[in-house]
Structures are given as C-alpha cells and as structure tokens.
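S.K.: coords please:
(5 chains, ligands or ions: 5)
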Amino acid sequence: MTDTPLSAPGAGVGRSGRVALWLRGAGGRIVPVLTVIAALIALWYVACIPMNAHQSVLLAERSGAEVTPAAASERRNMGGIALSLRNPGPALSAAFAQDRPVLPAPHQVAVELWDSTAGMRPTSKRSLIFHGWITLSATLAGFAVGTALGILLAVGIVHSRVMDMSVMPWAIVSQTIPIIAIAPMIIVVLYSVGVQGLLPKAVISAYLSFFPVVVGMVKGLRSPDAMQLDLLRTYGATGGQTFWKLRLPASLPYLFASLKIGVAASLIGAIVGELPTGAVRGLGARLLAGSYYGQTVQIWSALFAAAILAAVLVAIIAGIERMLLRRMGLAR
Amino acid sequence: MQATAQGRAPAGSVVEAKALNLTFHTNDGPVHALKDVNLAVERGEFVSFIGPSGCGKTTFLRCVAGLETPTGGSLSVNGLDPDAARRARAYGYVFQAAGLYPWRTIGGNIRLPLEIMGFSEEEKKRRVRDTLALVDLDGFENKYPWQLSGGMQQRASIARALSFDADLLLMDEPFGALDEIVRDRLNEELLSLWARTGKTMLFVTHSIPEAVYLSTKIVVMSPRPGRISDVIDSPLPKERPLDIRDSRDFIDIAHRVREGLRAGMEAA
Amino acid sequence: MQATAQGRAPAGSVVEAKALNLTFHTNDGPVHALKDVNLAVERGEFVSFIGPSGCGKTTFLRCVAGLETPTGGSLSVNGLDPDAARRARAYGYVFQAAGLYPWRTIGGNIRLPLEIMGFSEEEKKRRVRDTLALVDLDGFENKYPWQLSGGMQQRASIARALSFDADLLLMDEPFGALDEIVRDRLNEELLSLWARTGKTMLFVTHSIPEAVYLSTKIVVMSPRPGRISDVIDSPLPKERPLDIRDSRDFIDIAHRVREGLRAGMEAA
Amino acid sequence: QDEVTLQLKWVTQAQFAGYYVAEDQGFYDEESLDVTILPGGPDIAPPQVLAGGGADVMVDWMPSALSAREKGLPIVNIAQPFKTSGLMLTCWKDTGITGPEDFRGRTIGVWFFGNEYPFLSWMSQEGIPTDASDDGITVLKQGFNVDPLLQRQADCISTMTYNEYGQVLDAGVGEDELVNFKYEDQGVATLEDGLYVLEENLEDPAFVDKMERFVRASMKGWKWAEENPEDAAMIVLDNDETGAQTESHQIRMMQEIAKLTAGSNGALAEEDYRRTVDTLLAGGSDPVISKEPEGAWTHEITDAALN
Amino acid sequence: MTLVIFALVLWAAGFALNARLATGPAADTRSVQLAVPAIFGLTLIGMWELIVRGLDVPGVILPPPSAVAAAFAGELDVIWADFVQTFVKGALSGYLIGALAAFAFAILADRYDFLKRGLLPVGNFMAALPIVGTAPILVMWFGFDWESKSAVVVVMVFFPILVNTVAGLADTQAMQRDLMRTYGASYVQTLFKLRLPAAMPFIFNGLKISTTLALIGAIVAEFFGSPTLGMGFRISTSVGQLALDMVWAEIVAAALAGSAFYGIIAFIEKRVTFWHPSHRG
Ligand SMILES: Nc1ncnc2c1ncn2[C@@H]1O[C@H](COP(=O)(O)OP(=O)(O)OP(=O)(O)O)[C@@H](O)[C@H]1O
Ligand SMILES: Nc1ncnc2c1ncn2[C@@H]1O[C@H](COP(=O)(O)OP(=O)(O)OP(=O)(O)O)[C@@H](O)[C@H]1O
Ligand SMILES: Cc1ncc(C[n+]2csc(CCO)c2C)c(N)n1
Ligand SMILES: [Mg+2]
Ligand SMILES: [Mg+2]
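M.R.: Residues are numbered from 1 along each chain as shown, chains lettered A, B, ... in the order given. Ligands and ions are numbered 1, 2, ... in the order given. Next comes the predicted model:
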C-alpha cells in the first residue's frame, strides 16, 4: 500500500487512472479488514493456550513428561493461565492440535471447513455443502414466504388505517416471543397435520424474516413526500396508479435494506428450526450433534459455515440491489 | 370528457374566486390561511402572486388545483368546481422543487402524466419529443434527473406539466431554488413560451423583479389572515428584454409592489 | 493568546490574498475552484462576494476561515496564517442555513462557542443576554430552534457568531433561504449592526440588490476557473434607507454588477 | 404394507440400534410394515408428538410416560426392550463423595425435559433437598455434553453407561479419578426406553395387530444387534444423517446397550414396573406421580407377538 | 364446530368495530389508538380460545388462553423468580455491558478510520454467527449461571449498537462540523457537544432493536444449560413435562417483559431526542 493520497494530481484521470482508483479504493477497504482479521486470529491463537492448557498438560503427562502440579485433581482447580505459566512447554506445544479442544485453533477450523466442503463428495453426510444446502433450501423457502407476507402486510398497513393501528403493535410484540421456545411447538403441530421436513423449518424462518420486511416496506411505501403524491393527484391518478408508479418504485431501496436483514434472520430461523426437528440434517443439526459429542472443531466449522452462508446471501441481495437500482437510475 | 380534459376554457374567466376563505385547524388552534379572496383571471393572462412567507400563496394555488378544499366562498376553474377540474385534468402544476422521480429518465418523467391519462403509445412518444424540444432539452430524454443541473431539472418539470397540453399552468415558486443567473435565463424562456402558447399562468414567487418582469397582473398578498392587499396591472409591453429591468416603468412597478408588501406587513 | 482571540487586527489588512489558487481533485478530474485571487480587505470594510453558482465564493470564504487549504499563493488573516487565525478564534462564521443544533435552545446555541472557548459562567450569561438583545431575540432564549421562524433562526445564528466578539465576520449567503421581505429587514438590521460595531464583514450573496445595498466593496466572481472578474467600490453613503434601492446611483452599480456577471459567464 | 411411525427419544445412535437393524435387515418388511423412524431432539417431547398424531408409537422413559399419563395423556407401555437402567451419577473422586449423603452441599448436573424424575425421586427418598440450600443440592440443568464435569462446574453429572460416561473417559479422565453411582445399584432404577402408544388406539384391532408385528420385528432387531454389535453400530452410522457420529463411539455404545437389553425379551417385567412406580411414588412432598397408575401397561401386544 | 363459527363471527365483529373506530372522528385520540390494537389482540385471544375448544385440540399441544391465564396467576411466584434470573440478572446486565462496550468501540472506530473500515465488515460477519451455535460455547466458557447468559446477550446486542452508533457519529452535517472547527474546538469538545447528541437517534435505534434481542438471547442461552430456574429453563422443562399452560404463561411473561423493555427505551428515546423531527409531533 503506497501512501500517495487519493487526491494526488492526475488520480482518476483516464481509464488506467480509474482502474488505479478502484484498486486503491478496494485496497482502502481490504487492507484494514485484513489487518483486523489478522489481529483477531493472533488473539485467537494466544487464547487457545490457556483455554486448552488442562488438556495439553494432561497429554504431556500421558506421554511421560514431567508436569507441575503432578496431581490431576490439583490441576483441575487451577486457572488456564496459571497452568500454562507453570508448564509453558507442554501448554504451547499441544495447544493447537487437540482432538477435542476447548477452543480449537483457527487452522483446525479452517482445515475442517476445507475438508468438509472441498474435501469430499457434496452428497456425503459429512459434507458441509450437503448440510448447507439443506439449511439453504429451508432458508430460501422461508425467506420467500416471509418476504411475500411482509410485503402484503405492509401494503395493507399503508392502505388501511385499521390494519396500521391494529396489526403494527402486535407485529412488534410477536418479535419479543423467543422463537426457540415456540419452534418445537410449531414443529409438533405441523407434525400432527402430517407436515414434515422442509416446511416446518421454513415456517420458523418466515416468522423471523417477515418483520424486518414489514417495517422497511411500510417505511418505503410511505417515503414519497406530500409533493410527489400531490403531483399524481393533479393528474387525477387512481390509487392503483399511485401504488405502481410512485409508492412501489420509491420503496425499493428500503425493501432491499430490509431484505438483507431478513435473509440473515431467515437463516437463523432455519437453523433454529433444525435443532428440534430431530437434528437430522442441516447446519443446525451439525451444530447440535457437534455439541452433543463435544466435537468443538465441528461446531466451530458449522458456525463459520453458517456465517459465510449468511454473508454470501447478503452479498447476493446486495448485488441484485445494485443491478436493479442502477438499471432504475436510483444508484449513481 | 376528453374535450374538457384538454381544458379549453368556455367563455368567462379561467379562474374565478369569490369571497374565498380557508381555515386550517391545527393543534395550536385555527389558522386563517385565506380570507375573503376575490380574484378573476382571464384567458391568456400571466398572474403573479407575491407576498411574505405564510400569506397563503401556495394555499390559494392548491385550492385552484383542487388539492385543498376552501371552507367558504366559491371558486371555479374553467367554469367547473376545482375538484371536477382536477379530475378533468384542466391544468398543469409545477412545484417549487423540480420533484422529478429519480427512478425515471427525463423522458420517463414527462411520460408519467401521459401514462396516467391513458394516451396512446404513439401520442406519448410524439408529445414527449415535442415538449422536450419546447423546453430546449432535446437529447436529454434518456438521462436521469440527477445527471442534469438544477436549471435543466426545473425545465424538465415544466415540460412535464406542459406535456398534456392543459390550458392553465399553475407554478408555485418554480425557480425558488435556482441561482440568479439561471433564474434570469429561465424567466426569459418562460416568457417566450407563454407568448408562443397563449396559456393562462398562475405564478407564485418571492422575488419582486421576477414578478414584475413576468406578469401582466401582480397580486400582492399579506399574512395573518392571508388576503389580497393589492392587484397591480402591468403596463409593460409584451416584448420584454432582460434590460427592461433597468427601465423607469419597471422600477416604478417594483416600488409599488414593495410598498404594497410593506403596508401588508405593518397592518398584520 | 486571549488578546488575539479577540481578533483585534494589527496594522495592515485584515484579510490579504495574494495569487491565491485552489484546485480540488475529484473523481471527474481536477476542479480549479480559485485561480489567481488577489484581494485586500481593510478594517471596517463590508465586502460582498457575488457570482454564479460554483464560482468559488464559498471556497474563498472557507480558505479565509482556515477550513480549506489553498494549493498556491498566500493568504493572511490578521497577519496570521488562516489556520492559526482559526485556532486564535479570529472570526465568526455564519453559514447559509442557520445550522443551529436542534437539541440546544436558542440560548444554548449561542452559549456553545462560549463553552468551547472557556468563558466564565457569569460572562457566558452576560454575553448570551447581550447578543440576544443585539439581534432582537430577547425572550426567546429558552425556545428550541424549530419553534422559531426561519428569519429568527438566522438571527440566532448571527448572534452565535457575534457572541464571542471577533472582529471579523464571515457570512456565506446567510439570508439565502429567506423570503424577500424578511431578507429586507435583516439586511437593514445587519447594516445597522455593522455601523454600530465597526466589524469587518465578508459577505457572500447571490442577490445583486443585496450586495449593492450592503457593501462598501463588491467583488464580482466568475466560474471555471473561479476568479475575481471585477471589484467595485460603492459610492453609496454609510446611511442607507431601504429606499436607496430606487436611486440612480444604486441602479447604476447594480447594472455594473450585472454586466460584470454576464461578462464573466460569457467568458467562461 | 402397513405404515408405522416411530418417534425416538433422542438423536440417531446405537441406543436405538434395534429399530434401525430391524429396518435394515428387512425384519419390518417381513411383517409387511413400512416403518418411519423419526429421530428425537433436545426440544422434542415424544408424548407431545404422540398426542398430536405425529407418531403411532414412541420410545420413552417410564417416569416421563407415567407423569404424562397423570397429566391426562393416556399412554400405555406395550413393550419393554430395556431390562436394566443405564443411568448413573458420575462424580470426581477427589471431592470425597462416597455415598448419597455426601451430595449435600454439592453441585450436580441433571438432565431435565422429563428426564429429571429418576433423580428427584432418588433424592427425595434419601431426604436430600434439591433447592440449593446449605445442606441440599445445587442442581444444574445439564446441557448436551459432559463439559460441566470436565470444567469442574459440577461435582457430579448425570451420565448414561453407554454414552456420556464414555465421553468422560475419552476426554482423558482416568476411571480411577471417578466414582459412579448407578441407579440400578442404589435400588432406584426406573425403566428406560420402553415402547408406548395412545390408549385409545388399542381399541382398534387393526392397530393392535400392527403393533404386534412391529414389536416382534423390533425385538428381532434387538436380539440381532446384541449378537452383532459392530454390524449394528455400522447400520446406525448409516442412518445418522448428521454425519457426526464416530464408529468407535457407536460400537462402544452398542456394546454397553447390549448389556441393558440382555435380560429382556420385550415383555414388561412386572417387578421392574413395581419398582419404578414405588420409586416415583416415594417422592416425599413432591412426588413425580401422586397415585398408583392404572392401565399404564399391557401385555396384550407382547403376549401375542412373542408367543 | 359451533364454537369455530363463533370464532369467525367474533373476528368479523372485532374487525368491524376497529374499522369504525379507526376511520371515525375520534381516530386520532389517544384512547382510540390504544383501543384498536387492544381490541385486535382480544379478538385474537378470543378466537384462540374458541377454536381450541371447538376443535378439541389436546391441552398438551395447545392450551386455551384461559388455562394459560390460570397458570400465570397460579404460578406468579415461580414466574417472578424466573424473570429475575433471566431478565434482571442475565439480559439486563448483558445489555448494559454490551451497550457500553459498543459505545467504547464505536468511539474508537470513529476516531480511527482504519479501525472503522476494518472492524465494521468483520463485525458484520461475526454478527451473522448464529447464537444457537455460540450459546453452547459461551455456556461452556462462562458456566451455568447468569454470567453465561449475560455473555450471550453481550455478543447479541454488541453489533447492532456498534453499527448504529458508528453511523450516528458520522451523521453530522459538514456544516455542523465546520462550525466546531471555526471555534477551534478540540476533538473531545466536538464529540460531546456535537457528535454524541447528533448520534442519539441512531444510538437509540440500536438500543431499541437490542431490547428484544437481549431477552431472546438470555432465554435461548438457558436452553443450553442453566440453574434450575429462569424463563428458558422453565419453558424447556415444562415442555418436557407437558405443562404447556406453564410454557405459554412464560412466553406471555417474556412478551410482556420484552414489550415493556422496548417501551421504556422508546420512552427514554422520546425524552432524549425530543428535538428530532420524528418526535416533534
Ligand atoms: N396543511 C396545513 N395545515 C395547517 N396549516 C397550514 C397547512 N398548510 C398551510 N398552512 C398554514 O397556512 C398559512 C399559509 O400557508 P401557505 O403555504 O399558503 O403560505 P405561502 O404564502 O405559500 O408561504 P411560503 O412563501 O413560505 O411558501 C401558513 O400560516 C401555514 O402555516
Ligand atoms: N470539497 C470539494 N471537493 C471537490 N470540489 C469542490 C469542493 N468544494 C467545492 N468544489 C467545487 O469548487 C467549485 C467552487 O465551489 P464553491 O462552493 O466555492 O462555489 P460557490 O461560488 O460557493 O457556489 P454556490 O453559489 O452554489 O454556493 C465548484 O465547481 C465546486 O463543485
Ligand atoms: C438437553 C438434553 N440432554 C439430555 C437429554 C436426555 N436424554 C435423552 S436420550 C438420553 C440417553 C443418553 O444418550 C438422554 C440422556 C435430553 N432429553 N435433553
Ligand atoms: Mg408556498
Ligand atoms: Mg457557496
């Protein structure tokens, strides 16, 4: 990274200048992000040492090394930092390669992520692509339903005072209910009417994603100012014309902002929905099974897989947003 | 319907207000925005409304447009009541800010009223082309509003109001946001457009020179309650170069307008 | 420090620009906002800057205020470089919009610079009271900005710039958002305030009558690149009733300013 | 083929090997049954699924089933493949705990969600309060794994012989560092992993017939699993869709499970039932069930299926 | 079946009443604005009761509201103890710690642009880690009692508040900032006299979003280990015991607490940001 200021003479002139500008713009974001990530990873590695110290020392003892204190029971009462300080050698050497670490090292998670995605058939039950796909399909189904419901509600709220006054407060209350508490009940109720598999998860997913869409869309549909509305009145436009030609296009930027929140919420919903459905398949099931058998590396990789999936989904929506808004002339 | 939609005025005044009153009810009590307004505007006149902020200029224009309902008196537009005139699309309205829809191109913005009024595809194309030419914006049809300067945007918004060729044009401080130089040029252009098309203009402004330069009739208003304090007929010729503003006649009318404004302020 | 903080100018010009240049680097290439600007402002002068949008008026004022760094030439304020002058609190700055902080009362807004500059509690109280009286806003101390009309807000913002009693006032279109009537009144008041306090004024405006009415010196600027195209010394007397605007002298200067603006536009 | 849906108590693991074996080896097909096995999960209450009609038959522990029965959900035990309880408390030896009396003042991890009844009954029989008072026990709601013990957040945790205990050992703890209290040894064992159906369904002869065939095939599966623990574990592994189970863990679990199913041919032993009910009724001031249950089990199915 | 028809009639009646109130002359009065949602809610509850009874839904699947109300009233002391454990100890402490940490980081990120550009994207990514995955880990690290719930809440509320505060601190107009520069104001003076007050509407937006997250986070965390009290503990245990009336009573308590928390923050917001156009009324 050079430290030529962006405003150097000639910057941004001509095509190559523009490319350079873009590169520098990207660098202006990538370098700090990489720095922060590097700092976090370093911190993470350091944290591994005390977190895993008990196990490290135990392993050293098993392989015949001299450790202090010698009694396992005494060690258990010590903190991780104290233990690492008294056994620096074993604590350091074994901290990053344990089978069931309390805190897995970053590279362990990365390797597991790689092995369980690129390293095996996507149809394998151990493949995160397989589980990610299961979760993704429920997410997308729930997101579609939630978005449609949210938009419908928003249109109703904007056009009907009764809906506005009666539905909106309860929509807020609905979000104060802990989903994890009602998710199993939703699943059992749907079981009892013979619905299983994707749909129960999608319902929970939809429940979480409709709210941001309602809020954003109501804001968006109401965003045209009085003057823009009056303009259409001077043309004698009908309610339908006002909706299609003014309210809807004006609401799109708001809609997309909500969709980005909504899709992340959908993913959480799908994962929550997977916990009680017998934890059969999907990233949620991976999380749970990993946690049930104390396989921390697996938990962490499923966790990161979920976050990466969320990031990808949000990025896709942002891409669509940019494309659409640019085509509409709303993005510059 | 289509005949009146074109807004051709029957015999009689284009706009006629008699003892017009309007009171807004607000949380702080009633606001008497218009009191006892009497005014007749004939075909082809260019009438400016001037007065301090809050004197009811916008309110009066909105009443004419059927966007606000008077609480007393009578008001007719082309012989119809304002609401009927609105639905008959008797006028074009230009707001203070250009208020173009940012997701539509300049052409698309001008096409908007035509779409709503259900013109044929061919007719829409022709009218967009013609009105763009009228306001000197040919070639900008496919640009987005934010790609144009403020002055050009305002011209586009005038084109939008002209596109469906109503006989009456209501303009509420259309040039308020522009700088003096651009404003001067648009004033000149507006005047020539008016001369060419013979439309009836109701024009709100804050600027004394602008009002004097443009109008055949200047309505001076005063606030609390909003009412007409003076109506001045301009003796200036139809042909008005910008230089006319340094002429004795011009300065005299401007002086009279300023006096009228002062008097109105003191009385309030 | 406190002595210069009061901004008493030493001998010599209050503001002195020599061959001042400023180029902005934008994505669309460099913008030459100020080119070769030479200007000296003496103590007690009232200097107006007029010119079309984008000609660099604001940029020049910001350079004087030390908010922008020139890319060439020299500029001194009270004999200091602008940044030092800024830190020495040599001037009060009034922006186009009143820009009062909405979470502070009128009194609180005027107190703001006093708090920052560390005046004593007592002194703060006294100055807030005095400046409120100066701009005719006594009794409004505990109101919030949005409870006041635009003109009153603008007066409050002038009071805020006056409160710490700098000798130099920089005003960037302070009345741009107000209507003509209110503007007239504030112009009168500003003039009398200037006469009473003897401060040095740098005043940006778009309005020819305003510039002519207020100034002892009018700087006409033209754009692309922004430069001074004319400097007009006003022969008008210090005492100026509003009526002076109908006088021959006034009209002549206004005419010269308009010609200067036109010429600048055509040349660009 | 008749359709049967079985709701398990927990996720797919060798604890339920018999059913997966019966499916895999075609024992259900032989009985003309089309069996769907629904794995359970941390928040799935099998009786609720049964009540909602989402399953025909479920695997549950008897204390939970009897409690549900008393709450007005009439469920009936039709078979009992598990003879012995695998439940125990595992404590650090260095805490000095040698018997139940030493639990006073300790922190103990217990599974809830209907699995807490055996512990509560035992403690009330011992007269030890579980209200975190000074001479009582501080109870923790134990999560999914054995961390609370390993991290010393608890002095003792609940373990199953076939699952969590192995995990504790896997974590590097020596058996000599631990003390175990098997419910079976303490005389407070309650029946685990029985098969239950809704009482009203038993009035339908077609359903009864279906269950007879189901129990017969399932028991065949269990016996096969007991004899071939390694193959059974592999079958379970094939059915685990999470891909999280490991071979070694499942084989060991199957070997331990085999010890628990060994004494049962599938029919409920009345003395075991008696002991379970007595344990639950003995719950002092706050018993799990307050009165002798009636009709909570039947031999009708096993009699027909196994003879 | 008749009860189900009754339910539909009730729905129609409630809606008609609301329609009349909402479009009537008194629609803007405070009482009507409270009455309309109340009537809507009561209608829903009435329908729930009638449909559950009409269709004979087993109580272990969905109890009628009357049973829930009875459980609520009968077990008030239990619910109160759970509330104190989950809300006061877990959610509230985590909310406070998370908010303070977020403010501190936001001010740092605002001061050092490098940090802002690096921290925010990474923060957004971390915020996407599902809590159902992080909660068990945090319970493992911080133990079973309220400390781990508090930690989960900190993680949940940190990013919304951080992102909003950073956005708020940046939301001053150039002119407002320039004004401070003309006074030669120091960084700290600008921060306290301009940027923090200007950021308040954003900060409260983050604080409001976080209220519901805080409670939900604390409850969810209890599913992964807890002492023998707490709202999440009670909910999961009661499901296992088929005491669905108790489950719903706790859900009602959670919704009440969540709504009240939201309401209190919204009330403080109104007080603090009285000057913002959206509150001037
Ligand atoms: N919708 C409304 N509700 C209540 N009062 C209103 C409304 N519209 C306008 N008013 C009030 O009516 C009076 C006249 O307003 P109007 O907008 O017509 O003034 P104006 O002459 O156009 O002023 P300006 O020059 O500032 O545009 C003002 O006092 C205004 O506050
Ligand atoms: N921060 C900036 N970055 C890039 N270009 C700028 C910047 N500030 C001003 N400019 C450009 O410099 C030129 C002069 O701008 P300036 O604001 O000084 O004009 P002005 O005379 O004050 O115009 P107006 O009357 O519209 O306020 C314009 O072309 C403007 O686009
Ligand atoms: C959170 C939670 N943890 C454990 C169990 C209990 N459980 C169900 S099956 C089984 C056998 C052991 O593998 C055990 C202990 C539960 N229901 N919920
Ligand atoms: Mg107006
Ligand atoms: Mg400017």
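S.K.: What's the local residue count around residue A:47?
M.R.: Look at residue A:47: counted by other Cβ atoms under 10 Å in any protein chain shown, it has 15 neighbours. Yep, even glycine has a C-beta here, placed from its N, CA and C like the rest.
S.K.: Against residue A:170, how distant is it?
M.R.: Applying Cβ to Cβ, to the nearest Å, the value for residue A:47 to residue A:170 is 44 Å.
S.K.: list the contacts for the residue of the stretch 1-150 of chain D at minimum distance from ligand 1?
M.R.: Here the residue of the stretch 1-150 of chain D nearest ligand 1 is residue D:43; by Cβ to the nearest ligand atom that distance is 54.9 Å. Going by Cβ atoms under 8 Å, 6 or more residues apart in numbering or on different chains, residue D:43 touches A:180, A:183-184, A:275-276, D:113, E:223, E:236, E:239.
S.K.: For residue C:260, state which of those is nearest.
M.R.: residue A:180 (74.0 Å; Cβ to Cβ).
S.K.: May I have the predicted confidence score for that closest one?
M.R.: Per-residue confidence (pLDDT) for residue A:180: 80.
S.K.: Quick check: it touching residue E:130?
M.R.: No - using Cβ atoms under 8 Å, residue A:180 is not in contact with residue E:130, being 11.1 Å away.
S.K.: can you list residues touching both of these two?
M.R.: residue A:272.
S.K.: Quick check: what element follows the helix or strand harbouring residue D:278 along the chain?
M.R.: Using DSSP states H and E, residue D:278 maps to helix D:270-281. For helix D:270-281, the following helix or strand on the C-terminal side (DSSP H and E) is helix D:300-306.
S.K.: which secondary structure elements does that following helix contact?
M.R.: strand D:75-79, helix D:205-227 (3 or more Cβ pairs under 8 Å, 6 or more residues apart in numbering or on different chains; DSSP states H and E).
S.K.: tell me which parts of chain B are close to ligand 1?
M.R.: Taking Cβ under 6 Å from any ligand atom as the criterion, chain B approaches ligand 1 at residues B:24, B:26, B:31, B:33, B:51, B:53-59, B:226.
S.K.: From those residues, list the ones also adjacent to chain A.
M.R.: By Cβ under 8 Å from any Cβ of the partner chain, no member of these lies near chain A.
S.K.: min pLDDT across those residues, which one?
M.R.: Comparing these by pLDDT, residue B:26 comes last, at 76.
S.K.: Phi, psi for that one please.
M.R.: phi -120, psi 170 (degrees, to the nearest 10).
S.K.: How about residue B:94?
M.R.: According to degrees, to the nearest 10, residue B:94 has phi -120, psi 120.
S.K.: same question, residue B:75
M.R.: phi -150, psi 130.
S.K.: Now for it: which residues touch it?
M.R.: B:15-18, B:20, B:63-64, B:81-82.
S.K.: quick one: which of these is nearest residue D:137?
M.R.: Out of those, the member with the shortest distance to residue D:137 (by Cβ to Cβ) is residue B:63, at 81.4 Å.
S.K.: what's the burial count for that closest one?
M.R.: Residue B:63: 24 neighbours (other Cβ under 10 Å).
S.K.: Helix, strand or coil: sort out the residue nearest to it when sequence neighbours are not counted for me.
M.R.: Among residues not flanking residue B:63 along the chain, residue B:70 sits closest, at 5.4 Å (Cβ to Cβ, 6 or more residues apart in numbering or on different chains). For residue B:70, the assignment made with DSSP: H, G, I helix; E, B strand; the rest coil gives coil.
S.K.: Could I get the full set of strands for the stretch 1-150 of chain D?
M.R.: D:2-7, D:33-38, D:57-60, D:75-79, D:87-92, D:107-110, D:138-141 (DSSP state E, counting those that start in this stretch).
S.K.: Give me the contact list for the first one.
M.R.: To tie it back to what came earlier, the one meant is strand D:2-7. D:19, D:28, D:32-38, D:40, D:44, D:46, D:49-50, D:54-59, D:210, D:213-214.
S.K.: One more: stretch E:272-281?
M.R.: C:102-103, C:144, C:146, E:200-201, E:204, E:269-270.
S.K.: Alpha carbons only: can I get that stretch in CSV?
M.R.: Taking C-alpha atoms only, stretch E:272-281 is exported to CSV below (Å, rounded to 0.1, in the frame of the first residue of the first chain):
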residue,chain,number,x,y,z
VAL,E,272,-33.6,12.4,24.9
THR,E,273,-34.3,13.0,21.2
PHE,E,274,-37.2,15.3,21.6
TRP,E,275,-35.6,17.6,19.1
HIS,E,276,-35.6,15.1,16.3
PRO,E,277,-38.2,15.7,13.6
SER,E,278,-39.7,12.3,14.1
HIS,E,279,-40.6,13.2,17.7
ARG,E,280,-41.6,16.8,17.4
GLY,E,281,-45.2,15.7,16.6
